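In: Show me how the following folds:
(chains A and B)
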Amino acid sequence: MGSIVAAFGSLVIGGVVATTTIVGVVQSQTAAPDKSPVSVNSTVDDLVAYGSD
Amino acid sequence: MRERAQAWLPAAWAAVLALVLLGPALAPGFVLTYDMVWVPDLAVRPDVWGLGSGLPRAVPSDAVVALLDELVPGALLQKLVLVGFLVAGGAGIARLVPGPPTERRAVRLVAVSAYVWTPFVAERLLLGAWPVLVAHALLPWLVLLGRRWRVTGRAPAALLVLVPLGCLSASAGLATAVVLLAAVAGPRRPTLRAVALLVAANAPWLVTGLLHAADATSDRAGAEAFALQGHGTLPTPLEALALGGTWNSEVVLPSRDGILAWVGLVLLAALLLAVRGWWAATSRREALTLVVPWAFGLSLALLTWVAPGAVAWLAATVPGGGLVRDGARSLVLCAPLVAVLAAHAAARVAARVVEEGPRLVLAGALALVPVMLMPDATFGLASRLEAVDYPASYAVARKAAAGVPGDALVLPLSSYRQPRWNGGRKVLDPLPRWLTSDVVASDRLVVGTTVLQGEDPRVSAAADALAESTPEARAAALADLGFGVVVVELDAGEAPEVAGRVLLDGDLRVLALDRPDVREVPAGWAVAAVVAWSAYAAGPALALVLVVRRRRSDQRR
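Out: Alright, predicted model coming up:
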């Protein structure tokens, strides 16, 4: 009985992980890059900032 | 034959992850992101050896690239490095999973994913910190080879190459040193020899850094700007445990700022449950090889968050103290233990399933979990990394400026660019790396609204010269400082006009100045650099001799 539950559970986990991964990948590739580094503009005297903290 | 193929499975999985992670970055061209600047042919000039006027930040990496790109084109070399560090790191961490390489295959794949697909790798890749990522790839191999050295008392020849390779920058060298010493420490002789090997491998930046010791302290404000920070939903210390927490919010992936970050934290907490079992199943000495670097790296990272004032004092007072100010960079030392624990936890979970089919499905799912937690790292980190071609004017400017006596000054006097031809991505000004003479360019950094002053005294001297009232006076003052060439990037902002003979006009203007007071490298510096570089090259040269000898003896047999 235990082994059947473990086998069923592993298949469910496998399915959930695979589905979530595919959905996540598709979403991330199609979403607007609102947080892309290229959208961050300079903040000091026209200098290109190395980054934002 | 089948067993041999199985032994290669982790490397193959790492290669798949590398291809998916890099995606468009592997197209023809150059990947230019923040500090990652590659050019077709980096000139072998004095500053790549650390003999320029600025701090040797890209030593020895620039010299190694300048030599290697004589054999392999720069663009191809960059691809090899990008794919190579991911595959080598994955293959190495898989070998840290106990047991013969042909066993526990699925568990090894989990270790590979947990090592290659992390916030640390993604953030450092976007920041362009490739020497640290090369060290990241080599850490598991250093653990393995260091262990062999400690146990047998004989130094593995591979370390003669891998240690210098792991020390391509100062911070990479420190990580390499910590891990190798943690693996080797014990019997006196190997330990002392390992110290000698590490000193030789780090000699280029150590020695040339000492030559610049008078200018080697950093702006205090840098400690706060580069401290460990949690930009996502996780509090900073938890972000560090998950190998995130870079100072730069621009390179944090959106997935770190949502529910997936919390799911990852829950899974990380599950790893803690596996710690006891791993500790019990692993010999104390082997466990310490991973635990000591982890504790050291995490402590250093947290120090920058807890006590930025102390780090600021260190950076501003002790030459080279600024090395530790980038808190999240120290987390490279934590990565091997996290991946090994992930594999151990996966083995325990998979062991609960008796049937092979479901067990393989479960193990496969576990190997996919890091990708599930950071899906936006796929395909060039969601197209944040892409290969581009330089405008043709860069090669023309290189040719125009070549052979003109004196150093080159690049204007505008600012360090980062956001060129349209690079998709608007930020990058350290690539032009200096195109030129064949020593180059002075701004080393001032802007982080948010904070301006961090640079260390190169010639930059401030050039700024003073540019403040002169007329183009002719500026040209004369710059020539007195040793500049023979001024290259102006007209699409990168305003720059003061400088009088000079126009060698090229267009989006890049190249000017030759009259009678530059050519700067000579002090003889003492040159001698010190020769000694340091000889020490650095001694290891790989010795390894080459050993390989040739072995081949010859094999042929005789």
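In: Local confidence estimate at the spatially closest residue to B:Val251 that is not a sequence neighbour?
Out: Excluding the flanking residues, the one nearest B:Val251 by C-beta to C-beta, 6 or more residues apart in numbering or on different chains is B:Leu126, at 3.9 Å. Where you see a C-beta, it was placed from the backbone N, CA and C, and this is true even at glycine. Per-residue pLDDT puts B:Leu126 at 97.
In: Contacts for the helix or strand containing B:Leu126, please.
Out: Element membership for B:Leu126 (DSSP states H and E) is helix B:119-127. For helix B:119-127, the external contacting residues (C-beta atoms under 8 Å, 6 or more residues apart in numbering or on different chains) are A:37, B:21, B:33-36, B:82, B:86, B:132-133, B:136, B:239, B:242-246, B:248, B:251-253, B:256, B:328-329, B:331-332, B:335, B:374, B:377, B:381, B:384-385.
In: Check stretch B:534-549 too.
Out: Here stretch B:534-549 makes contact (C-beta under 8 Å, 6+ apart) with B:60, B:157-161, B:163-164, B:197, B:199-201, B:203-204.
In: Report how many residues lie close to the nearest residue to B:Ala528 once chain neighbours are set aside.
Out: Nearest residue to B:Ala528, sequence neighbours excluded (C-beta to C-beta, 6+ apart): B:Val207, at 5.3 Å. For B:Val207, the neighbour count with other C-beta atoms under 10 Å in any protein chain shown is 21.
In: Return the nearest residue of chain A with respect to chain B.
Out: Closest residue of chain A to chain B, C-beta to the nearest C-beta: A:Gly24 (3.0 Å).
In: What does the residue in the stretch 101-250 of chain B that chain A sits nearest to show for phi and psi?
Out: Nearest residue of the stretch 101-250 of chain B to chain A: B:Asn248, at 3.4 Å (C-beta to the nearest C-beta). Main-chain dihedrals, B:Asn248, degrees, to the nearest 10: phi -100, psi 110.
In: how close does it get to A:Ala49?
Out: 10 Å (C-beta to C-beta, to the nearest Å).
In: Which residues are in contact with each of these two?
Out: In contact with both B:Asn248 and A:Ala49: B:Val447, using C-beta under 8 Å, 6+ apart.
In: near chain A, which residues of the stretch 151-300 of chain B show up?
Out: Within the stretch 151-300 of chain B, the positions near chain A by C-beta under 8 Å from any C-beta of the partner chain are B:224-225, B:229, B:247-252, B:254-255, B:257, B:260.
In: Give me the nearest residue to the closest residue to chain A within chain B, chain neighbours excluded.
Out: Using C-beta to the nearest C-beta, B:Pro375 is the residue of chain B that sits closest to chain A, at 3.0 Å. Spatial nearest neighbour of B:Pro375, chain neighbours left out: A:Gly24 (3.0 Å); criterion: C-beta to C-beta, 6+ apart.
In: Quick check: the one you found is in a helix.
Out: Yes: A:Gly24: assigned to a helix according to DSSP: H, G, I helix; E, B strand; the rest coil.
In: Any idea how many residues pack against the residue nearest to B:Gly321 when sequence neighbours are not counted?
Out: Excluding its sequence neighbours, the residue lying closest to B:Gly321 (C-beta to C-beta, 6+ apart) is B:Leu314, at 3.8 Å. If you count neighbours by other C-beta under 10 Å, B:Leu314 ends up with 21.
In: sorry, back to before: tell me the one of the contacts of stretch B:534-549 nearest B:Gly357?
Out: B:Gly357 has its nearest neighbour among those in B:Ala158, at 38.9 Å by C-beta to C-beta.
In: how about low-confidence regions in chain A?
Out: Scanning chain A for pLDDT under 70 picks out A:1-2, A:32-46.
In: Helices along that one, start to end?
Out: A:2-30 (DSSP state H).
In: hang on, the earlier thing: next, count neighbours for the residue nearest to B:Pro375.
Out: Count around A:Gly24 with other C-beta under 10 Å applied: 19.
In: Isn't it up against B:Ser255?
Out: Yes: taking C-beta atoms under 8 Å as the definition, A:Gly24 is a contact partner of B:Ser255 at 7.3 Å.
In: joint contacts of these two?
Out: B:Pro375, B:Asp376.
In: Under the pLDDT cut-off, which ranges of the stretch 1-150 of chain B? List them.
Out: B:1-2, B:101-102.
In: if you set the cut-off to 90 instead, what comes out?
Out: The model of the stretch 1-150 of chain B has pLDDT under 90 over residues B:1-8, B:54, B:98-106.
In: Now do the strands in it.
Out: B:30-31 (DSSP state E, counting those that start in this stretch).
In: So which bits of it are right by chain A?
Out: B:Tyr34, B:Leu126.
In: repeat that for 10 Å
Out: Contact residues (C-beta under 10 Å from any C-beta of the partner chain) of the stretch 1-150 of chain B with chain A: B:Val20, B:Gly23, B:Thr33, B:Tyr34, B:Asp35, B:Leu126, B:Leu127.
In: just checking, the second one touches B:Val83?
Out: When you say that, I think you mean B:Gly23. No: if you go by C-beta atoms under 10 Å, B:Gly23 and B:Val83 don't touch, sitting 11.6 Å apart.
In: what's the average pLDDT for the longest strand along chain B?
Out: When chain B is parsed with DSSP state E, its longest strand is strand B:483-489. For strand B:483-489, mean pLDDT rounds to 97.
In: Restricting to C-alpha, output it in CSV.
Out: Only the C-alpha atoms of strand B:483-489 are listed here, as CSV (Å, rounded to 0.1, in the frame of the first residue of the first chain):
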residue,chain,number,x,y,z
PHE,B,483,48.5,61.1,-23.7
GLY,B,484,49.1,60.8,-27.4
VAL,B,485,45.6,59.9,-28.5
VAL,B,486,42.2,61.0,-27.4
VAL,B,487,39.2,59.0,-28.6
VAL,B,488,35.8,60.6,-28.2
GLU,B,489,32.7,58.6,-28.3
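In: quick check: domain ranges of chain B?
Out: B:2-387, B:392-512 (automatic domain parsing).
In: Helices along the stretch 151-300 of chain B, start to end?
Out: B:159-166, B:170-184, B:188-211, B:221-225, B:236-241, B:259-281, B:284-306 (DSSP state H, counting those that start in this stretch).
In: Dump the ones you listed to CSV, plus mean pLDDT and distance to B:Pro28.
Out: What follows is those, written out as CSV (pLDDT from 0 to 100; distance: least, C-beta to C-beta, whole Å):
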stretch, mean pLDDT, distance to B:Pro28
helix B:159-166, 98, 26
helix B:170-184, 97, 28
helix B:188-211, 94, 32
helix B:221-225, 90, 36
helix B:236-241, 94, 36
helix B:259-281, 90, 33
helix B:284-306, 96, 36
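In: Counting neighbours, what do you get for residue 30?
Out: Defaulting to chain A. 8.
In: meant chain B actually
Out: Neighbour count for B:Phe30, taken as other C-beta under 10 Å: 22.
In: Please apply the same query to B:Val318.
Out: Other residues close to B:Val318 by other C-beta under 10 Å number 15.
In: wait, what's in contact with it?
Out: Contacts here follow C-beta atoms under 10 Å, 6 or more residues apart in numbering or on different chains; on that basis B:Val318 touches B:Ala213, B:Ala216, B:Thr217, B:Ser218, B:Val324.
In: which among these end up buried?
Out: B:Ala216, B:Thr217, B:Ser218, B:Val324 (16 or more other C-beta atoms under 10 Å in any protein chain shown).
In: pLDDT-wise, what's the bottom of those?
Out: The lowest pLDDT within the buried ones among the contacts of B:Val318 belongs to B:Ala216, with 79.
In: residues touching that one, list them.
Out: Going by C-beta under 10 Å, 6+ apart, B:Ala216 touches B:Leu55, B:Pro56, B:Gly209, B:Leu210, B:Ala315, B:Val318, B:Pro319, B:Gly320, B:Gly321, B:Gly322, B:Leu323, B:Glu455.
In: Much appreciated, bye for now.
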